[in-house]
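>>> Structure of the sequence below:
(one chain, ligands or ions: 3)
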Amino acid sequence: MTDSSAPDIIVTKVDEAPQLASASLLPIIRSFAAAAGVTVGTRDISLAGRIIAAFPERLTDAQRQPDDLADLGKLVTTPAANVIKLPNISASVPQLVAAIKELQSQGYDLPDYPENPASDAEKEARRRYDAIKGSAVNPVLREGNSDRRAAVAVKNYAKANPHSMGAWAADSKTHVSTMSSGDFRSNEKSVTLTAAQAGAARIEHVAKDGTVTVLKDGVTYPAGTVVDATFMSVKALQSFLAAQVQASKDKGVLFSIHLKATMMKISDPIIFGHAVRAFLAPVFDRHGDAFRAAGVDPNSGLGVMLDRIATMPDGAKIEAEITALMAERAPLYMVNSDKGITNLHVPSDVIVDASMPALIRAGGKGWGPDGKAADTNCVIPDSSYAAVYEETINYFKATGALDPATAGTVQNIGLMAQKAEEYGSHPTTFEIAADGIVRVIAANGDILHEHAVEKGDIWRAASTRKAPIEDWVRLAIDRQRAEGCQAIFWLDENRPHDAELIKYVKPILAAAGVADRFRILSPQQATRVSLETIRKGENSIAITGNVLRDYLTDLFPILELGTSAKMLSIVKLMNGGGLFETGAGGSAPKHVQQLIEENHLRWDSLGEFCALGESFKFLADVKGNAKARILGKAVDLATQGILDHDRSPKGRVGQTDNRDSHFYFALYWAQALAAQTEDAQLAAHFAPIAKALAENEGKILAEIAAVQGKPADLGGYYHTDPAKTEAIMRPSRVFADIIG
Ligand SMILES: NC(=O)C1=CN([C@@H]2O[C@H](COP(=O)(O)OP(=O)(O)OC[C@H]3O[C@@H](n4cnc5c(N)ncnc54)[C@H](OP(=O)(O)O)[C@@H]3O)[C@@H](O)[C@H]2O)C=CC1
Ligand SMILES: O=C(O)CCC(=O)C(=O)O
Ligand SMILES: [Mg+2]
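Residues are numbered from 1 along each chain as shown. Ligands and ions are numbered 1, 2, ... in the order given. Sure thing, here's the model as predicted:
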């Protein structure tokens, strides 16, 4: 349910673990905020909510939901925006299909996801579902650039309580494999548009026989936009993947592939499908035609593929062939070896930003089918950013693992506003239907880019607007001034896109008189310099494009803090509002599994706490609400309290879980508000609350502990039952009564 009035702060309703945590935390936030006259609303951007909002005409009044994402998309372009954004599911096809099935089972008359849409109705359903697929939320809300870092208290806590790190052996066989030609990086072209070229551009394909097909019309590029075009050669990709499958076997390491099928929702599922084909090549050689006829689609992963094969006439025989082949191949890197879920089962199970850092944190070990850790071939087909992981691995092999007790920190300033760079390229990415040429034609008729392509190549255009680039450089200048530490633009002068950005960066730095405080280094060099810097206990600011923003804000936090969940992520919206993202990680599906099995939720809300403090302080600045500032400052003290008293969730039943940690957060927050002397009214309001919470600590913890160790029923996975969720996430009557 969403509110119609305009609340001061909006907290997004999402999915999986962060949404479960919200069921416990949001009532606390609302209750405390109300004391300062601050209203807190919600908007539903969950996968289920977005599906429901897309088919109003098929649903009953009671089932219908407004398009909250569209509403938020407008809000973030206004100065009034104050949004706390929790991580949401960026759905792969299997997740989307599962969510649709669940909603259907709950009585929602939704169309099936049409794999091969034929009728007009199916095409329309597919169009709507495609808009929901993948990373469909963040690009809409990110109307600003990002400032992601560990709060000082969080970093100090990590140093005092270092997490365990796997040891790195100099002779580790773990390595990164990436393409050296024919990939997106090798084929990239880039240009900055002149005023004459600005306006509505067109992308067209010219076949060998001269037939022109418009792939996309009316892509509006204002003057100064950096427009890139590139493609992944399917032939080069296939031969690379085939070689890697074999090389993994020869070297005796696990085969793994790391992509971002969520944010790169058009290109990466296709690349993933090629990896499935390469791994199972002999089976595809024998049964390719039958697979096509049966609608077996490797792009959705081996899991769905096996389900489909099971329905084929000689399904059992093919399945046996697959099993036999897998036994001969290099062992696969596993998502869950107990359940036999491999890297190739679901395209969104292994997401490069989280998967590579986890492997690196473990000393370069992946999980094999035998449930044992092993050295791994980390296949990252496109070479644009693979060097970051390659260099990190090489550095740790040479020097040993990082020590989180002494390491400095790498902060990030990320260029992401207005769908910057590759992460905004979905609408202009195409799997090429026939050999020919693809060109980008500017509004004035200039041919901006042209590539000769072959059937099956993946061609894409990406754009980065001038205002976001300038804003990003200014943000970097501000942050460097505030921190006074090393600051590096991770840009490679030899890469066409980066060379265009450098043309913006240098004059802005020079005009501000700060050029000497910044370095511009290729991602590979910047990785090495940054690792050497933090090893010495010093800090560095990584000023990066959109993809490296994503990758680095998992990589460095996972090495430094053990997780990216504890990050502070501030998005200063370009039109004046604030977007506060919670942490830099995702929605932790594994945590939900554990809750369902044994009612223990190990989700850590530290990212939410950090975002909440910033949101209140931002509200105070924008609306001159002094009480909001006091609430915000008290949140920071409560967060510090959680760290000082070690009240963060742990992994096992019987240990602190998410609900306990929220109790302590409320206790410390109320105590800080009761103790402050700036506002007597707030102090008087919170003194009895703090007292009641402290006095009932034992009772409340016992009530929370009593429910654990047994299965929990949420009444759904993607679309949970609100009453059941509330009962599970707020098991303490005493606590709920005190909070009100
Ligand atoms: N901003 C956003 O909206 C984002 C959304 N996503 C989406 O999230 C989903 C899952 O993505 P995935 O790549 O698996 O990454 P996740 O970050 O969800 O999970 C990786 C692992 O990180 C740990 N983790 C993450 N957050 C927390 C937390 N708050 N507290 C404790 N541990 C945490 C967990 O480790 P352990 O199992 O050891 O406890 C978890 O299994 C996908 O649908 C993805 O698209 C991903 C990134 C950002
Ligand atoms: O939007 C998504 O799919 C994921 C976002 C993400 O990984 C990030 O911003 O760090
Ligand atoms: Mg990420």
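>>> only C-alpha atoms for contact and neighbour calcs from this point on.
Noted.
>>> Around ligand 1, which positions in the stretch 51-200 of the chain sit nearby?
87-91 (CA under 6 Å from any ligand atom).
>>> Going by distance to ligand 2, which of these wins?
The closest of these to ligand 2 turns out to be Ser90 (CA to the nearest ligand atom; 4.7 Å).
>>> which ones are touching that closest one?
47, 133-137, 262-263 (CA atoms under 8 Å, 6 or more residues apart in numbering).
>>> got these as JSON lines, with distance to Ser186 columns?
Shown next, in JSON lines, are the contacts of Ser90 (distance: CA to CA, whole Å):
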{"residue": "Leu47", "distance to Ser186": "35"}
{"residue": "Lys133", "distance to Ser186": "28"}
{"residue": "Gly134", "distance to Ser186": "26"}
{"residue": "Ser135", "distance to Ser186": "25"}
{"residue": "Ala136", "distance to Ser186": "28"}
{"residue": "Val137", "distance to Ser186": "30"}
{"residue": "Thr262", "distance to Ser186": "23"}
{"residue": "Met263", "distance to Ser186": "21"}
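>>> Could you tell me which of those residues are located in helices?
Per DSSP state H, helices hold the following members of these: Leu47.
>>> farthest pair in the contacts of Ser90?
Leu47 and Met263 (14.7 Å; CA to CA).
>>> for the closest residue to ligand 2 within the stretch 551-700 of the chain, helix, strand, or coil?
For the stretch 551-700 of the chain and ligand 2, the shortest gap (CA to the nearest ligand atom) falls at Ala584, measuring 5.0 Å. Here Ala584 is recorded as coil under DSSP: H, G, I helix; E, B strand; the rest coil.
>>> what's it sitting at in phi/psi?
phi -130, psi 20 (degrees, to the nearest 10).
>>> Neighbours of Ser46, how many?
Neighbours of Ser46 under the rule other CA atoms under 10 Å: 25.
>>> on contacts alone, who are the packing partners of the host helix or strand of Ile570?
Ile570 belongs to strand 568-573 when elements are defined using DSSP states H and E. Counting contacts by 3 or more CA pairs under 8 Å, 6 or more residues apart in numbering; DSSP states H and E, strand 568-573 packs against strand 144-149, strand 578-582, helix 606-623.
>>> re the thing from before, in TSV, list the contacts of Ser90 along with distance to ligand 2 and pLDDT.
Formatted as TSV, the contacts of Ser90 follow (distance: CA to the nearest ligand atom, whole Å; pLDDT from 0 to 100):
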residue	distance to ligand 2	pLDDT
Leu47	12	98
Lys133	10	95
Gly134	6	93
Ser135	4	94
Ala136	7	95
Val137	6	97
Thr262	5	93
Met263	5	94
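>>> wait, which of the contacts of Ser90 is closest to ligand 1?
Using CA to the nearest ligand atom, these come closest to ligand 1 at Thr262, 5.5 Å.
>>> returning to that earlier point: which PyMOL command selects the buried ones in the contacts of Ser90?
This is the PyMOL syntax for the buried subset of the contacts of Ser90, where burial follows 16 or more other CA atoms under 10 Å:
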select buried, resi 47+133+134+135+136+137+262+263
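>>> got the residues of the chain near ligand 2?
So the chain meets ligand 2 at 90, 135, 138, 262-263, 550, 584-585 (CA under 6 Å from any ligand atom).
>>> count of neighbours near the nearest residue to Arg652 once chain neighbours are set aside?
Using CA to CA, 6 or more residues apart in numbering and skipping residues adjacent in sequence, the residue nearest Arg652 is His600, 7.1 Å away. Residues within reach of His600, counting by other CA under 10 Å, total 32.
>>> Then Lys650?
18.
>>> again with Lys566
For Lys566, using other CA under 10 Å, the count is 26.
>>> now do Ile84
Neighbours of Ile84 under the rule other CA under 10 Å: 24.
>>> Double-check that it belongs to a strand.
Yes: the assignment for Ile84 by three-state DSSP puts it in a strand.
>>> contacting residues for Ser674?
To be clear, residue 674 is Ala; Ser isn't right here. The neighbours of Ala674, taking CA under 8 Å, 6+ apart as the test, are 682-687, 690.
>>> now with 10 Å?
634, 668, 680-691 (CA atoms under 10 Å, 6 or more residues apart in numbering).
>>> Columns secondary structure, pLDDT and neighbour count on top of the residues you listed, output as a markdown table?
Below are the contacts of Ala674 laid out as a markdown table (DSSP: H, G, I helix; E, B strand; the rest coil; pLDDT from 0 to 100; neighbours: other CA atoms under 10 Å):
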| residue | secondary structure | pLDDT | neighbour count |
| --- | --- | --- | --- |
| Ala634 | helix | 98 | 23 |
| Tyr668 | helix | 98 | 24 |
| Ala680 | helix | 98 | 13 |
| Gln681 | helix | 97 | 14 |
| Leu682 | helix | 98 | 21 |
| Ala683 | helix | 98 | 19 |
| Ala684 | helix | 98 | 13 |
| His685 | helix | 98 | 15 |
| Phe686 | helix | 98 | 22 |
| Ala687 | helix | 98 | 16 |
| Pro688 | helix | 98 | 15 |
| Ile689 | helix | 98 | 19 |
| Ala690 | helix | 98 | 22 |
| Lys691 | helix | 98 | 15 |
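>>> where's Val438, which helix or strand?
strand 436-441.
>>> Can you list the strands that that strand pairs with?
As defined by DSSP bridges, the strand partners of strand 436-441 come to strand 199-207 (antiparallel), strand 447-453 (antiparallel).
>>> Look up how far Ile488 lies from Gly545.
12 Å (CA to CA, to the nearest Å).
>>> which residues are common contacts for those two?
Contacts common to Gly545 and Ile488, judged by CA under 10 Å, 6+ apart, are 412-413.
>>> Could you give the backbone dihedrals for Pro111?
The phi/psi pair for Pro111 (degrees, to the nearest 10) is phi -70, psi 150.
>>> Which residue, other than its chain neighbours, is closest to it?
Ala125 (6.9 Å).
>>> my guess is that neighbour meets Arg58, correct?
No: Ala125 lies out of contact with Arg58 (CA atoms under 10 Å); the separation is 11.5 Å.
>>> Could you pull out the residues contacting both of these two?
Residues touching both Ala125 and Arg58 (CA under 10 Å, 6+ apart) are 110-111.
>>> follow-up on the earlier one: can you name the residues that contact the residue nearest to Arg652?
His600 touches 591-594, 649-659, 704-705, 707-712, 729, counting by CA under 10 Å, 6+ apart.
>>> would CSV of the strands paired with strand 436-441 with mean neighbour count be doable?
Listed next are those as CSV, based on neighbours: other CA atoms under 10 Å:
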stretch, mean neighbour count
strand 199-207, 19
strand 447-453, 18
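>>> Turn these into CSV, including mean pLDDT.
Formatted as CSV, the strands paired with strand 436-441 follow (pLDDT from 0 to 100):
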stretch, mean pLDDT
strand 199-207, 98
strand 447-453, 98
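>>> so which of those strands comes closest to Val734?
strand 199-207 (60.7 Å).
>>> Only the C-alpha atoms, please, for the closest one, written as CSV.
Extracted in CSV, the C-alpha atoms of strand 199-207 (Å, rounded to 0.1, in the frame of the first residue of the first chain):
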residue,chain,number,x,y,z
GLY,A,199,19.0,16.3,-31.2
ALA,A,200,17.3,13.1,-32.2
ALA,A,201,19.7,10.5,-33.5
ARG,A,202,18.9,7.3,-35.3
ILE,A,203,20.5,3.8,-35.2
GLU,A,204,20.2,1.7,-38.3
HIS,A,205,21.3,-1.6,-39.7
VAL,A,206,22.3,-1.9,-43.3
ALA,A,207,22.2,-5.5,-44.5
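>>> in its sheet, what does the strand holding Ile570 sit against?
strand 144-149 (antiparallel), strand 578-582 (antiparallel).
>>> So what pairs up with Asp44 in the strands?
Bridge pairing for Asp44 (DSSP bridges) gives the partners Lys13.
>>> for Gly273, what are its contacts?
Counting by CA under 10 Å, 6+ apart, the residues that Gly273 touches are 279, 297-302, 344, 347.
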